[in-house]
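**Q** Would you be able to build a 3D model of this:
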Amino acid sequence: MRFDLSPLYRSTVGFDRLFNLLDGVNDAQGQSYPPYNIERLGENDYRITMAVAGFAEDDLSIEVKESALTVTGKRAEDEKKAAYLHQGIAARAFERRFQLADHVEVTGAKLEHGLLHIELKRVIPDAKKPRRIEIGASANTATIEAKAA
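**A** Numbering: from 1, shown residues only. As a prediction, the model looks like this:
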């Protein structure tokens, strides 16, 4: 099922990112290749692991633009075509997008044993971190107590 969000674009300002996220959910529902896992390794550390059997490092591209991570895979054409009796390893081209939360950065990627591991870290700026406010007596409180006595 596909929802048309265009009427909402006409009557709102500043919600473009929200509508793009909703559009992305619709697009991603039919996409199942390549399979992937998203792991939480620690409080602020994550890993996306994609099964990309048959792809070499040169066949894969990872790009971060704004808050979207895009992984693209396209195998180079073989000069000689093999005559497969059965081809169960899907090596078709793909593009997989992940929407990153605020302050999440890609810190690295590696390909090993047919799995592409993309390391992510949430880096919260100091201005956004919670801080403790000390409670102390103010000058106004002392003045009120003196007048009451």
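**Q** need the contact list for E57.
**A** Going by Cβ atoms under 8 Å, 6 or more residues apart in numbering, E57 touches L111. From N, CA and C alone the C-beta is placed, and that goes for glycine too.
**Q** one more time with 10 Å, if that's ok
**A** Contact partners of E57, counting by Cβ atoms under 10 Å, 6 or more residues apart in numbering, are 109-111, 116.
**Q** pLDDT at I144, what is it?
**A** I144 is assigned a pLDDT of 55 by the prediction.
**Q** Revised request: answer the last question for E105.
**A** Looking at E105, the pLDDT reads 91.
**Q** one step back: mind picking the one among the contacts of E57 that's closest to F94?
**A** L116 (11.2 Å; Cβ to Cβ).
**Q** related to what we said a few turns ago, looking at the contacts of E57, which are in strands?
**A** Residues of the contacts of E57 located in strands (DSSP state E): 109-111, 116.
**Q** Make JSON lines from those residues and add pLDDT and distance to S67 to it.
**A** As requested, the ones in strands among the contacts of E57 are arranged in JSON lines below (pLDDT from 0 to 100; distance: Cβ to Cβ, whole Å):
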{"residue": "A109", "pLDDT": "96", "distance to S67": "18"}
{"residue": "K110", "pLDDT": "96", "distance to S67": "23"}
{"residue": "L111", "pLDDT": "96", "distance to S67": "24"}
{"residue": "L116", "pLDDT": "96", "distance to S67": "20"}
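**Q** re the thing from before, can you say which of the contacts of E57 are buried?
**A** 109, 116 (16 or more other Cβ atoms under 10 Å).
**Q** surely V71 meets I48?
**A** Yes: between V71 and I48 there is a contact at 8.1 Å, judged by Cβ atoms under 10 Å.
**Q** list residues touching both of those two?
**A** With Cβ under 10 Å, 6+ apart as the test, V71 and I48 both reach 36, 62, 96, 98, 109, 116, 118.
**Q** Now for the last one: which residues touch it?
**A** Remark: with contacts taken as Cβ under 10 Å, 6+ apart, I118 is in contact with 36, 38, 46-50, 62, 64, 69, 71, 98, 106-110.
**Q** which SSE is it in?
**A** Using DSSP states H and E, I118 sits within strand 115-122.
**Q** which of the residues in that strand are buried?
**A** 116, 118, 120.
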